[in-house]
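In: I'd like to go over a predicted model; first the sequence, then the structure.
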Amino acid sequence: MLSLSALRLLHELRNRGTLTAAAEALHLSRSAASHQLAALQRAAGVALTEKVGRTLRFTEAGLMLAGHAERVLRELEEAGTVAERAHGSPSGVIRLGAVQTIASSVLPSVLTDLHAEHPRLRVEAWHVSTEHALAAVPAGELDLAVISSYDSAPVLVPPGTHAEILFHDPVRLVLPVTHRLARRAGVVPIAELAGEQWISGEPGSYFGRLVPALCRRAGFTPDIRHRTGDYAVLAAFVTAGHGVACVPAIADLSHWSEVVTVAIDAEDAGRDIVALNRESSRGRPAVQAVLTALRRYRVPA
């Protein structure tokens, strides 16, 4: 008899590629996962994986069984949705992941709304990276995730996963309150910042590439003095007069009274904020309740 836990392990192994990653997703030691996989192969009576060098590769029988495991787990989730609907209101547990700016700027009010509107619903929030979320939602580690999708690097939605764009998050310029452009009415042209020192994102990151791209489009090469992916560090540097910077409009810099954010002539730059959930859970009342709360959010003017 094949156990449900063994089928989950097989499903995770196919999704994540290594036994170590599958074990971590299921909160197992690698040794326990290895024993469970061996027991599953004995129960199946056929080899499901084979060693190729230091890695495991699925046999044809293993791939077939992993496909069946995915369908079984999907059916179980759909059955849970039917049971939840019978309760008449959202209930149970939702594991909600979000990237940093969403977790700090959007989730607090969303969680407050959900607690007031659906007291039987338990929401567990996680701060995750986009890469983690793209693996964790299809695998069932998260029920729903809110991530970023950029024009220059759009998110590739995994099979069996539904994506919904919640809103567009444009880019804003961060300046010290004493800056000559801090009180400028309307949109600030990037070209007027040609002589400035800049604080940019880490090399290879979206914001690390964004500043040079926007400045080149405006006809100059930026003088990038400092790099950070932490908005608190960025705001501290701007406050001290060590440069200007770009951030997402929803980045919460309200604790930094010595900086201001202003619109720039680059409304095409920015990102879409995307909600991900499994296709098999789309009808679940709890998932719909969380999505409804997320859809209310609007980017500050």
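Out: Structure received.
In: please count neighbours and contacts with C-alpha atoms only from this point.
Out: Fine.
In: which strands and helices lie in contact with the top strand by length along the chain?
Out: Scanning the chain for the longest strand, with DSSP state E as the assignment, gives strand 161-176. For strand 161-176, the packing partners by 3 or more C-alpha pairs under 8 Å, 6 or more residues apart in numbering; DSSP states H and E come out as helix 231-239, strand 244-248, strand 259-263, strand 270-278, helix 285-295.
In: how about low-confidence regions in the protein?
Out: Residue ranges of the chain with pLDDT under 70: 1-4, 73, 75-88, 152, 300-301.
In: before we move on, the earlier item: dump the helices and strands packed on strand 161-176 into TSV; add mean neighbour count and distance to residue 45 as well.
Out: Output for the helices and strands packed on strand 161-176, formatted as TSV (neighbours: other C-alpha atoms under 10 Å; distance: least, C-alpha to C-alpha, whole Å):
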stretch	mean neighbour count	distance to residue 45
helix 231-239	20	55
strand 244-248	23	54
strand 259-263	22	64
strand 270-278	22	32
helix 285-295	19	39
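In: of these, which is nearest residue 161?
Out: Comparison of the helices and strands packed on strand 161-176 against residue 161 by C-alpha to C-alpha identifies strand 270-278 as nearest, at 4.4 Å.
In: quick one, which of the helices and strands packed on strand 161-176 is nearest to residue 74?
Out: strand 270-278 (9.1 Å).
In: then that closest one to PDB, C-alphas only?
Out: Only the C-alpha atoms of strand 270-278 are listed here, as PDB (Å, rounded to 0.1, in the frame of the first residue of the first chain):
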ATOM      1  CA  GLY A 270       8.200  49.200 -12.800                       C
ATOM      2  CA  ARG A 271       6.700  45.800 -12.100                       C
ATOM      3  CA  ASP A 272       3.400  44.000 -11.900                       C
ATOM      4  CA  ILE A 273       2.500  42.500  -8.500                       C
ATOM      5  CA  VAL A 274       1.100  39.000  -9.100                       C
ATOM      6  CA  ALA A 275      -0.800  36.600  -7.000                       C
ATOM      7  CA  LEU A 276      -0.100  32.900  -7.500                       C
ATOM      8  CA  ASN A 277      -2.200  29.900  -6.300                       C
ATOM      9  CA  ARG A 278      -2.700  26.400  -7.500                       C
END
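In: helices or strands up against that strand?
Out: helix 130-139, strand 144-150, strand 161-176.
In: can you list the strands that the longest strand of the chain pairs with?
Out: Strand 161-176 sits in its sheet next to strand 244-248 (antiparallel), strand 259-263 (antiparallel), strand 270-278 (antiparallel), going by DSSP bridges.
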